[in-house]
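*Asks:* structure of the sequence below:
(one chain, ligands or ions: 3)
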Amino acid sequence: MSTLLTSHFYERRSAFMAQCEKDSIFIIAANTLLTRSNDTEYPFRQNSDFWYLTGFGEPDAYLILSNRELNDINDGKKQLTENIANHSAYIFVQPSDALAEIWHGRRLGVDRASKALMVDQAFSIDDLDEHLPDLLDGHKHLYYCFDTSPAIEATIQLALKECRQAPKQSKTAPNSLHNAQELLHAMRLIKSEEELAIMQKAADISSEAHARAMSFSAAGKFEYQLEAELHHEFAMSGARYPAYGTIVGSGVNACILHYTENKDELKDGDLVLIDAGCELQGYAADITRTFPVNGKFSDVQRSLYQLVLDSQYAAINALRPDATISEAMKICVRVLVEGLVELGILKGAVEANIEAETWRSYFMHGLGHWLGLDVHDVGIYKENGLDVPLRPGMVMTVEPGLYFSENADVDARYRGIGIRIEDNIVITDTGNRVLTDKVPKEIAGIEKLMSS
Ligand code: GLY
Ligand code: MN
Ligand code: MN
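*Replies:* Ligands and ions are numbered 1, 2, ... in the order given. The predicted structure is shown next:
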């Protein structure tokens, strides 16, 4: 399976620094461990931006990049070589510590860090506050990710202050601060071939897991037992963690959009909605399937399910370069409203319902979101008030749904039904490719899988 090489991360750092102003320094911090209960921590998850630039999975580290001087050197040497470095890089990591490593696990350590991560120099994280003012010295621009955490903010502000207040103005502090997220998240929005290969694998593993949960489903099983089937499949296929809290909502629980209690018993005749995806090398899959607990759709379930599916196909069909998510949403909503009017759930004319947004009572979320290192991935949706046009390499979810809670103002036979169908697509040069096509979503396909 494709794995990102250290050189990929190096190239991303180069591409990032090439977009910063001349004489810039960039600071980014790793995540830190979070306490779950006394003496135990949550499983560590690296900060996605830090991971994107380093591929380094340890907590308590800082990466510092500078394009000062090298700009000038590069200008002079450009004719000599294409590949000359456009930046220098420094990493601060947890130092090797025999006792800490016996208790908490191995560390890369300072001595090995610069070679392993392809950076110029490595230091102990314990020396960060001492070195940071010197590293800032002489730069005009500072880039960092605003509002990440008060501790990071404090570290940077302290270093800036020390740089500004150095005796006899012996240091020059950057005066202009930039939010690095703008450049970084624009890069993350467009996935490379290597990233797409990993995301395809994450999608395949997650699709298999959904198929496994469908096969396992039966009245009397519990929602958390379906969750266990999914997570087992993730792990046995090489993806240890889910990318987000797995949702298994049977019956009316499917109407709670981010239901993660997963505690109820499955009942004959109900639908069950599963929204789950694994995380692989940091990348998320995000799939939803809705299917009958007993493997056979009732007539009412069938009519609503087919409507959601038709609306999803219509939306996917509209997602291509230069189109926008809003345009696809409009197409999706039209299909849903036409169907809801035909079923008598919405009263009056299709146009009037679209205009008055009556459908929002039953489809209360958006069409989808960017997908990548974060399940709700970074990247802008609007620029200057306009929807961003889709570009090849963007990965997103398409996830229409219909939700009729116990109290919904609809005929009783529709109440307690929640349906969502969610796939992941990548925009290609000519349209899009569905990454999550290895688990059925057609009624016949689901019923066939569940009967075998
Ligand atoms: N799994 C959360 C979402 O679909 O947005
Ligand atoms: Mn989603
Ligand atoms: Mn989802």
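*Asks:* so which residues on the stretch 351-452 of the chain come close to ligand 2?
*Replies:* Residues of the stretch 351-452 of the chain lying close to ligand 2 by C-beta under 5 Å from the ion are Thr397. All C-beta spots, glycine's among them, are computed from the backbone N, C-alpha and C.
*Asks:* swap the cut-off to 8 Å and go again
*Replies:* Taking C-beta under 8 Å from the ion as the criterion, the stretch 351-452 of the chain approaches ligand 2 at residues Gly368, His369, Leu371, Val375, His376, Thr397, Glu399, Glu422.
*Asks:* now the chain
*Replies:* Applying C-beta under 8 Å from the ion, one finds that the chain approaches ligand 2 through Asp275, Asp286, Thr288, Gly368, His369, Leu371, Val375, His376, Thr397, Glu399, Glu422.
*Asks:* neighbours of Ala228, just the number please.
*Replies:* Ala228: 17 surrounding residues under other C-beta atoms under 10 Å.
*Asks:* can you show me the helices along the stretch 1-150 of the chain?
*Replies:* 6-19, 48-54, 70-77, 98-104, 110-117, 128-136, 150-164 (DSSP state H, counting those that start in this stretch).
*Asks:* the fifth one: how far from the chain's middle?
*Replies:* Helix 110-117 has its C-alpha centroid displaced from the chain centroid by 28 Å (C-alpha atoms, centre = their mean, to the nearest Å).
*Asks:* ok, now stretch 128-136?
*Replies:* For stretch 128-136, the distance to the chain centre is 32 Å (C-alpha atoms, centre = their mean).
*Asks:* now that stretch: buried residues?
*Replies:* Neighbour counts over stretch 128-136 (16 or more other C-beta atoms under 10 Å) mark Leu128, His131, Leu132, Pro133, Leu135, Leu136 as buried.
*Asks:* which of the helices of the stretch 1-150 of the chain sits closest to ligand 1?
*Replies:* Closest to ligand 1 of the helices of the stretch 1-150 of the chain is helix 48-54 (C-beta to the nearest ligand atom; 15.8 Å).
*Asks:* show me what contacts the residue in the stretch 351-452 of the chain positioned nearest to ligand 3?
*Replies:* Closest to ligand 3 within the stretch 351-452 of the chain is Glu422: 4.9 Å, counting by C-beta to the ion. Glu422 makes contact with Asp275, Asp286, Ile287, Thr288, Arg289, Gly368, Thr397, Val398, Glu399, Thr436, according to C-beta atoms under 8 Å, 6 or more residues apart in numbering.
*Asks:* try 10 Å this time
*Replies:* Residues counted as contacts of Glu422 (C-beta atoms under 10 Å, 6 or more residues apart in numbering) are 273-277, 285-290, 312, 368, 397-401, 436, 441.
*Asks:* from those, which are also near ligand 1?
*Replies:* Asp275, Asp286, Glu399 (C-beta under 6 Å from any ligand atom).
*Asks:* which of those are close to ligand 3?
*Replies:* Among those, ligand 3 is touched by Asp275, Asp286, Glu399 when using C-beta under 8 Å from the ion.
*Asks:* can you list those in TSV and add neighbour count?
*Replies:* TSV is the format used below for those (neighbours: other C-beta atoms under 10 Å):
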residue	neighbour count
Asp275	25
Asp286	27
Glu399	23
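*Asks:* inside strands: which ones of the residues you listed?
*Replies:* Among those, the members found in strands (DSSP state E) are Asp275.
*Asks:* of the ones next to ligand 3 among the ones next to ligand 1 among the contacts of Glu422, closest to ligand 2?
*Replies:* Nearest member of these to ligand 2, counting by C-beta to the ion, is Asp286, at 4.2 Å.
*Asks:* for Ala15, see how far away the closest one is.
*Replies:* Asp286 is 26 Å from Ala15, where distance means C-beta to C-beta, to the nearest Å.
*Asks:* kindly report the same for Ile417.
*Replies:* For Ile417 relative to Ala15 (C-beta to C-beta), the value is 48 Å.
*Asks:* more neighbours, the two?
*Replies:* Ile417 (26 against 12).
*Asks:* what's the closest non-adjacent residue to the more buried one?
*Replies:* Phe404 (5.2 Å; C-beta to C-beta, 6 or more residues apart in numbering).
*Asks:* and for Arg45?
*Replies:* Leaving aside its sequence neighbours, Arg45 is closest to Asn31 (6.6 Å, by C-beta to C-beta, 6+ apart).
*Asks:* ok, Ala18 next?
*Replies:* Here the residue nearest Ala18, using C-beta to C-beta, 6+ apart, is Asn86, at 5.4 Å.
*Asks:* surely Tyr90 and Ser66 touch.
*Replies:* Yes: using C-beta atoms under 10 Å, Tyr90 is in contact with Ser66, at 7.9 Å.
*Asks:* residues shared between the contacts of these two?
*Replies:* Ile25, Ile27, Asp120, Leu135.
*Asks:* and those residues, which of them are buried?
*Replies:* Ile25, Ile27, Leu135.
*Asks:* ok, back up a step: now, among the shared contacts of Tyr90 and Ser66, which is nearest to ligand 2?
*Replies:* Ile27 (31.5 Å).
*Asks:* give me every residue that touches the closest one.
*Replies:* 62-66, 90, 128, 132, 135-136, 142-145, 152, 155-156, 159, 180.
*Asks:* follow-up on the earlier one: of the helices of the stretch 1-150 of the chain, which is nearest Thr172?
*Replies:* For Thr172, the closest of the helices of the stretch 1-150 of the chain is helix 150-164, at 7.5 Å, according to C-beta to C-beta.
*Asks:* the closest one vs helix 128-136, what angle?
*Replies:* 50 degrees (axes from the mean of the first three to the mean of the last three C-alpha atoms, to 10 degrees).
*Asks:* returning to that earlier point: for the ones next to ligand 1 among the contacts of Glu422, give me a markdown table that also has pLDDT and distance to Ser192.
*Replies:* Shown next, in a markdown table, are the ones next to ligand 1 among the contacts of Glu422 (pLDDT from 0 to 100; distance: C-beta to C-beta, whole Å):
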| residue | pLDDT | distance to Ser192 |
| --- | --- | --- |
| Asp275 | 98 | 27 |
| Asp286 | 98 | 20 |
| Glu399 | 98 | 25 |
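*Asks:* from those, pick the one nearest Trp51.
*Replies:* Nearest to Trp51 out of the ones next to ligand 1 among the contacts of Glu422 is Asp286 (C-beta to C-beta; 18.0 Å).
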